[in-house]
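[1] got a structure for you, letters missing:
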């Protein structure tokens, strides 16, 4: 009988060890699952933010274009000053929330950041150097949401 009890005891110990290991694996899997869910949530928020920013960029472009083309006789007009203020406030909100402007003029052309719309002959510039920015490019959360559209020296 003592042998049967020892055998039963060893079987129970093995079962306890097996169940404990399984429980520890499950606990580690759950911790990893929680971490993955949190990471996915952050990615989703960034992606959604990037989508919204992409949709707002044309509005920013139009404000900047309007501010740039205010007639000389209206430069000090309160309405024109208000439009400029709205543009600056809109731009500040986007930049405070992670929007970054891509540097262009004077930079080496980078197909990851820039979209060449024209190659031009320009004295004093080396080939591949950006000589003019047509439309500003932006990054959001480190990702390019819109490449800068530029003219590049031949």
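    Sure thing, it's come through. For clarity, every value in this text was computed on a predicted model and none was experimentally measured.
[2] Return the set of buried residues in the host helix or strand of residue 92.
    Using DSSP states H and E, residue 92 sits in helix 78-96. Neighbour-count burial for helix 78-96, counted by 16 or more other C-beta atoms under 10 Å, picks out 80, 83-84, 87, 94. In this view, the C-beta of every residue, glycine as well, is placed from N, C-alpha and C.
[3] Make JSON lines out of the residues you listed and add distance to residue 106.
    What follows is the buried residues of helix 78-96, written out as JSON lines (distance: C-beta to C-beta, whole Å):
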{"residue": "80", "distance to residue 106": "30"}
{"residue": "83", "distance to residue 106": "29"}
{"residue": "84", "distance to residue 106": "26"}
{"residue": "87", "distance to residue 106": "24"}
{"residue": "94", "distance to residue 106": "24"}
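[4] which of these lies closest to residue 23?
    Nearest to residue 23 among the buried residues of helix 78-96, counting by C-beta to C-beta, is residue 94 at 48.8 Å.
[5] rewinding a little: what are the contacting residues of the helix holding residue 92?
    53, 56, 59-60, 63-64, 66-67, 70, 74, 101 (C-beta atoms under 8 Å, 6 or more residues apart in numbering).
[6] Alright, that wraps it up for me.
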